[in-house]
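Trainee: Fold the following and give me the result.
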Amino acid sequence: MISSIRKAYNQSFKKEKYELFLKELDALHSGALDFRIAETPVFIDNDIKDKILSVCEYIIQVIKSNEFKKQTQNAIPSGESFPNQNNIPQCLTFDFGICIDQNKEYYPALIELQAFPSLYGFQAVYPSILEKHFSIPENFSCFFNGMNRNFYEKYLKEFLLGNHKPEEVILLEIKPHQQKTRIDFYITEQITGIHPVCVTELRAENKKLYYLRNGKKLYIKRIYNRVIIDELKSESKSLGNIIDLREDWDVEWMPHPNWFYQISKYLLPFLNHKYVPETYFLNNIKTLPNDLENYVLKPLFSFAGQGVVIDVKKDDIDKISDKQNWILQKKVEYAPCIETPDGPAKTEIRMMYLWKEGDENPTLVTNLARLSKGKMIGTRYNKDKEWVGGSVAYFK
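Mentor: The predicted structure follows:
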């Protein structure tokens, strides 16, 4: 989006450099990189940066407000609440699509928000490999608050471990070694010593949870939670007889599963900011808009864009029986803002926060970006395309 930097980057780009970069990235954990990495990072100027941060700061104040608990008291579906919820969502991510207005000025539009972990480990390491192969302008960084890779890795390790030893903390996931994001799990273990554990490997003794590693019984004091509850429900038959995570276990959750529901698409209808698209709970709409083509229909609790209807028709809405679990959101038109050799790409930027217990506010640590030339962001919408995929944004 900064034309001089974009031009210089594109002119100096060589496919051979890109292939060497991918080779080094894959060598971190051979065969674990299971999603496409884009040929370019994104470069963000101060204007877009300030606009993005203004939305993030606004949302954080909403989460800290007295009204927040009232607004989200019905967010957790019946029977899905976990006991012993803590006071803060330790992980926060805010996703922004970059758009263009009638004055041809770029602006960010909030797409989604989640109190759920993202690629905190991978994004610590990936940029430094990128910077070995491609030239990044001075005074640009993918980290925030004075952090660099070393400082961030130390911060992440302290954050995830808390007061515990690495063997007392697990990264909990469903079939972690089959997940597309597994490279993040392995890098997280490299940085922190926290081992990825499948929900099927959990064992219980009284109120305590443990797992076996190399034949040794290890009690779990803290769970770095990567389990999406909807995915757990849909996979339940194939997983067999597993422990019910909703019971009152003697364990710390990080982040607590209830936050996944409360800070999610569910919160969007309560937000009022110029860079947050109008959003409505489907069951609260008395009269449908005449211009449904300008809206997107989203299930509240899906993940990775699943179930989203882009070209909305009245029939799509009529056949939904659980309207309370859906939102209608003003459509956001991503700008084709990144020039590439075979046509412009759109981008989405995820701002990634960590919130330590005792801190008044969360800390913005890093980000990730995704490039797309399809209707939506994501691999399934960008098959057989180049200059698309996972990336990172460098902020001035």
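Trainee: Every contact and neighbour count from this point should use C-alpha atoms.
Mentor: Noted.
Trainee: Return the distance of residue 213 relative to residue 193.
Mentor: Look at residue 213 and residue 193: by CA to CA, to the nearest Å, they are 13 Å apart.
Trainee: swap that for residue 109, sorry
Mentor: For residue 109, the distance to residue 193 - CA to CA - is 37 Å.
Trainee: same check, this time on residue 267
Mentor: 34 Å.
Trainee: the more surrounded of those two?
Mentor: residue 267 (23 against 18; other CA atoms under 10 Å).
Trainee: The more buried one and residue 74 touch, don't they?
Mentor: No. Using CA atoms under 8 Å, residue 267 is not in contact with residue 74; the gap is 10.9 Å.
Trainee: Residue 393 contacts residue 368, doesn't it?
Mentor: Yes. Applying CA under 8 Å, one finds residue 393 in contact with residue 368, separated by 6.3 Å.
Trainee: which residues are common contacts for those two?
Mentor: residue 349 (CA atoms under 8 Å, 6 or more residues apart in numbering).
Trainee: dump the residue contacts of the residue nearest the centre of the chain.
Mentor: With the centre of the chain defined as its mean C-alpha position, the nearest residue by CA atoms, centre = their mean is residue 118, 4.3 Å away. By CA under 8 Å, 6+ apart, the residues touching residue 118 are 93, 352.
Trainee: how far away is it from residue 261?
Mentor: Residue 118 is 16 Å from residue 261, by CA to CA.
Trainee: Centre of the chain to stretch 86-97, how far?
Mentor: 9 Å (CA atoms, centre = their mean, to the nearest Å).
Trainee: With stretch 237-246 instead?
Mentor: 25 Å.
Trainee: first vs last residue of that stretch, how far apart are they?
Mentor: 18 Å.
Trainee: for stretch 312-331, same thing?
Mentor: Terminal-residue distance, stretch 312-331 (CA to CA): 10 Å.
Trainee: Just the buried positions in it, please.
Mentor: Residues of stretch 312-331 classed as buried: 312, 317, 323, 325, 326, 327, 328, 329, 330, 331 (neighbour count, 16 or more other CA atoms under 10 Å).
Trainee: tell me the secondary structure for the residue lying closest to residue 97 once chain neighbours are set aside?
Mentor: Spatially, and ignoring its direct neighbours in sequence, residue 97 is nearest to residue 348 (4.4 Å; CA to CA, 6 or more residues apart in numbering). When classified by DSSP: H, G, I helix; E, B strand; the rest coil, residue 348 comes out as strand.
Trainee: Dig out what residue 348 forms beta bridges with.
Mentor: Note on residue 348: beta-bridge partners by DSSP bridges are residue 97, residue 370.
Trainee: wait, what's in contact with it?
Mentor: 95, 96, 97, 98, 369, 370, 371, 377.
Trainee: how does it look with 10 Å?
Mentor: 42, 95-99, 108-111, 334, 368-372, 376-377, 390-393 (CA atoms under 10 Å, 6 or more residues apart in numbering).
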